[in-house]
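**Student:** Starting from these lines, generate the structure:
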Amino acid sequence: MARLLSLLRPGRLFPNPVILLFGLLLIKAGVQAQNCINRITLESGTQHFSCTDVTVTSEDYVDFWSWCGIGPYWIGFGGPGLPGSFIFTFSTPVAGVTLDFTAFDNHSNPPNFGAYEIVTLEINGAPYPFPNAGSPGGCLGLVVVNASGGLEASPAPGLGVGSCVGLNISTQITTIKITNTAYDGNTGGVMFNIYFCCDPCVTKAGLIPSAPLSLCSGDIATVPPAAPNILPAGTMLEYILFSDPSDTLGSILLISNTPTFSFDPAVMQEGVTYYIAAIAGNDLNGHVDLNDKCLDISDNAIPVIWWPRPTVAFSINKPDVCKGNCVDVQVELTGEPPFTLAYNNPFTGQTIKTFFGQAGIYRSVSRQLQHQEAITLRP
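**Tutor:** Numbering: from 1, shown residues only. So this is what the prediction gives:
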């Protein structure tokens, strides 16, 4: 049964019931560790997951194929001395992996006596001996961990070709490299699945206990600190001012280590609603890493509007009037109405008038008008 896996390439049929039985047994293979449910399937490039991104690269002799649920990664089928490797790089370290292997060539596999292959691991750039040979799952042969820590088919006569192994490795992993090397004969190669475990995201930014803010452009927007926070080691809390609630991170205008923001005319406009929120995530050079997969945004965002400061200007249509006559004073106001104008009249004393627009008239006595700019903005 040499080159068993070569018979499973597209366009080939199962040669006999023994292989079919072997395939059915493979369905039982693959013991997944708890939370190791994120299956990597991309042949090359980057696959995105909620807790990390995985970049897949390969070296030397590799291919892609699945058989009875095992795959799509296939290494080292063919003649002797044809090694191959797949490398998986995680943008955020993961808690461990589960590997499902199948179809190791046995030392006593006729007609290629002596043909065998060994699978080795590197984790985070260093050789990593297999901790155990996993579970055989009822397959036709057994796999052992050899003296160098690699997986190898045991040389037991009569077991034929193939073993299936479900292996769990629990450690923090940034990169994992899986290599298969063929020795002394025509081998079938090794197919495998790979899953990884995500650590749960526990970072929390909290909630900002504040009502909406309505301020003059010269005022500072200050909100209470977000609470309660959950900030594991290596994480931090910051505050952001942004413009679009549907694209929080994409519309950030300002970032602060404290919950205070000043109006910045270079990036902001008066009379426009902005939002203040807290963010928590990995500390990257003194700032929250916005690409952290466990980045958390506060449960609420506080609206804030900066209004232009009001101004007032007075004018009269007919400046030449007799003393003691009544005169209409035109009032021009800027800012956001309504306005309250307080002015002094020599006969009636201080008078307060409300304007609901940006222009108006009040009546006074000519040559005796005294006014003082006492205008307040009601947001």
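**Student:** going forward, measure contacts and count neighbours with C-alpha atoms only.
**Tutor:** Fine.
**Student:** got the contact list for Lys204?
**Tutor:** Contact analysis of Lys204 by Cα atoms under 8 Å, 6 or more residues apart in numbering lists Pro228, Asn229, Ile230, Leu231, Ala280, Asp296, Ile297, Ser298.
**Student:** Looking at those residues, state which has the most neighbours.
**Tutor:** Ala280 (28 neighbours; other Cα atoms under 10 Å).
**Student:** Check the contact between that residue and Leu231; I expect there is one.
**Tutor:** Yes - using Cα atoms under 8 Å, Ala280 is in contact with Leu231, at 7.3 Å.
**Student:** hey, what's in contact with both of those two?
**Tutor:** Common neighbours of Ala280 and Leu231 (criterion: Cα under 8 Å, 6+ apart): Thr203, Lys204, Ala205, Leu237.
**Student:** For beta bridges, what are the partners of the last one?
**Tutor:** Here Leu237 sits in beta bridges with Ala280, going by DSSP bridges.
**Student:** Can you give me the distance of it to Ala221?
**Tutor:** Using Cα to Cα, to the nearest Å, Leu237 is found at 18 Å from Ala221.
**Student:** These two: which is more packed in?
**Tutor:** A side-by-side neighbour count of Leu237 and Ala221, using other Cα under 10 Å, places Leu237 first with 26 against 19.
**Student:** Run a quick neighbour tally on Pro259.
**Tutor:** Using other Cα under 10 Å, Pro259 is surrounded by 20 other residues.
**Student:** how far away is it from Val54?
**Tutor:** Distance check for Pro259 against Val54: by Cα to Cα, it reads 35 Å.
**Student:** and if you look at Gly286?
**Tutor:** 26 Å.
**Student:** again with Gly234
**Tutor:** Applying Cα to Cα, the value for Gly234 to Val54 is 22 Å.
**Student:** any low-confidence regions in the stretch 1-150 of the chain?
**Tutor:** Low-confidence segments of the stretch 1-150 of the chain, defined by pLDDT under 70: 1-35, 68, 77-82, 106-114, 136-141.
**Student:** give me the element the spatially closest residue to Asp53 that is not a sequence neighbour is part of.
**Tutor:** Leaving aside its sequence neighbours, Asp53 sits nearest to Ser91 (Cα to Cα, 6 or more residues apart in numbering; 5.2 Å). Element membership for Ser91 (DSSP states H and E) is strand 84-102.
**Student:** what element comes up after that strand heading to the C-terminus?
**Tutor:** strand 116-123.
**Student:** Can you list the helices and strands that that next one packs against?
**Tutor:** Under the contact definition 3 or more Cα pairs under 8 Å, 6 or more residues apart in numbering; DSSP states H and E, strand 116-123 sits against strand 151-153, strand 164-183.
**Student:** Do a quick rundown of the helices in the stretch 1-150 of the chain.
**Tutor:** Applying DSSP state H, counting those that start in this stretch to the stretch 1-150 of the chain gives helices spanning 17-26.
**Student:** What about Asn146, how many residues nearby?
**Tutor:** Per other Cα under 10 Å, the neighbour tally for Asn146 reads 16.
**Student:** My read is that it contacts Glu152, right?
**Tutor:** Yes - counting by Cα under 8 Å, Glu152 is a contact partner of Asn146 at 6.4 Å.
**Student:** and the residue most central in space within the chain, helix, strand or coil?
**Tutor:** The residue lying closest to the centre of the chain (Cα atoms, centre = their mean) is Lys293, at 3.3 Å. Judged by DSSP: H, G, I helix; E, B strand; the rest coil, the three-state class of Lys293 is coil.
**Student:** give me the low-pLDDT residue ranges for the stretch 201-350 of the chain?
**Tutor:** For the stretch 201-350 of the chain, the ranges with pLDDT under 70 are 318-325, 335-336, 345-348.
**Student:** Please enumerate the strands of it.
**Tutor:** 213-216, 220-222, 235-242, 252-256, 260-262, 273-284, 287-288, 296-297, 302-307, 311-315, 326-334, 339-345, 349-355 (DSSP state E, counting those that start in this stretch).
**Student:** closest to Ile178 out of the ones you listed?
**Tutor:** Among those, strand 273-284 comes nearest to Ile178, with 29.4 Å by Cα to Cα.
**Student:** quick revisit: count of residues packed around the closest residue to the residue nearest to the centre of the chain other than its chain neighbours?
**Tutor:** Nearest-residue entry for Lys293: Cys51, 5.0 Å, with adjacent residues in sequence omitted and distances by Cα to Cα, 6+ apart. Neighbours of Cys51 under the rule other Cα under 10 Å: 21.
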